Structures are given as C-alpha cells and as structure tokens.
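S.K.: Only the shape, not the letters, is given here:
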C-alpha cells in the first residue's frame, strides 16, 4: 500500500504543502475553484436541471483572485477600484464569465 514510483504518500504531500502557508492557501483556493468548475460542468450534463443558487457574492474578491492568478503567471496586473462590490448572482457562473467573457 502506498504510492507508486514518483507518487508521494498523501500524508507526506499534505505535510509538504502545509509547511508553506501561502502555498497551502493558494492550493486550497485552486482546489475549491476546480471543485466549483467540475460541479458547474456536471450541471450541464443531460438530465441535470439544478443550477447553482443565487446568493450575495463579492465581485471585487473574484476579480482580485483572477489578478493574483495572472500575476502568478507573470502578467503585470493590478486592480484599481472599490474595495467591495456585492452582486447577487450564481458565484460560480459569475467567476466563469469573468475568466471567459465570450462563454
């Protein structure tokens, strides 16, 4: 029982990730976003009619997350705007629209 060649044990991977607090938060955020995208994608499958409920979301937080991701990729980006902007929407759909406006 254990990882194959090159595959770390889950516990060792978790310890490695949690040694760097910033990396851990970034990974947690990425995993949450991936889970939301997967859930949203699965909702489009035939037979699925349930949509993500609308709720208050912080549009600025979504935009800042995208700016941080772009900066991590080497882009020179900054956000200049209000500290907070509340929007009642389906947060997953809103973030997907911000990532891919032509969608």
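M.R.: Nice, thanks for sending it over. Because the structure is a prediction, the values reported are computed rather than measured. Numbering: from 1, shown residues only.
S.K.: Just the strands from this protein, written as ranges.
M.R.: 55-58, 86-89 (DSSP state E).
S.K.: May I see the buried residues of the first one?
M.R.: Just to be clear, that refers to strand 55-58. The neighbour-count check on strand 55-58 (16 or more other C-beta atoms under 10 Å) flags residue 57 as buried. All C-beta atoms are positioned from the backbone trio N, CA, C, and that covers glycine.
S.K.: right, so of the strands of the chain, which gets closest to residue 66?
M.R.: strand 55-58 (12.9 Å; C-beta to C-beta).
S.K.: helices and strands around the closest one, which ones?
M.R.: strand 86-89, helix 91-99 (3 or more C-beta pairs under 8 Å, 6 or more residues apart in numbering; DSSP states H and E).
S.K.: Of the ones you listed, which is nearest residue 78?
M.R.: Residue 78 sits nearest to helix 91-99 of all the helices and strands packed on strand 55-58, at 16.1 Å, using C-beta to C-beta.
S.K.: residues in contact with the closest one?
M.R.: With C-beta atoms under 8 Å, 6 or more residues apart in numbering as the test, helix 91-99 has contacts from 33, 36-37, 39-40, 51-52, 55, 57, 59, 62-63, 65-66, 87, 103.
S.K.: From those residues, pick the one nearest residue 25.
M.R.: So of the contacts of helix 91-99, ranked by how close each gets to residue 25 (C-beta to C-beta), first place is residue 65, at 11.5 Å.
S.K.: so how many other residues sit close to the closest one?
M.R.: By other C-beta atoms under 10 Å, 16 other residues sit near residue 65.
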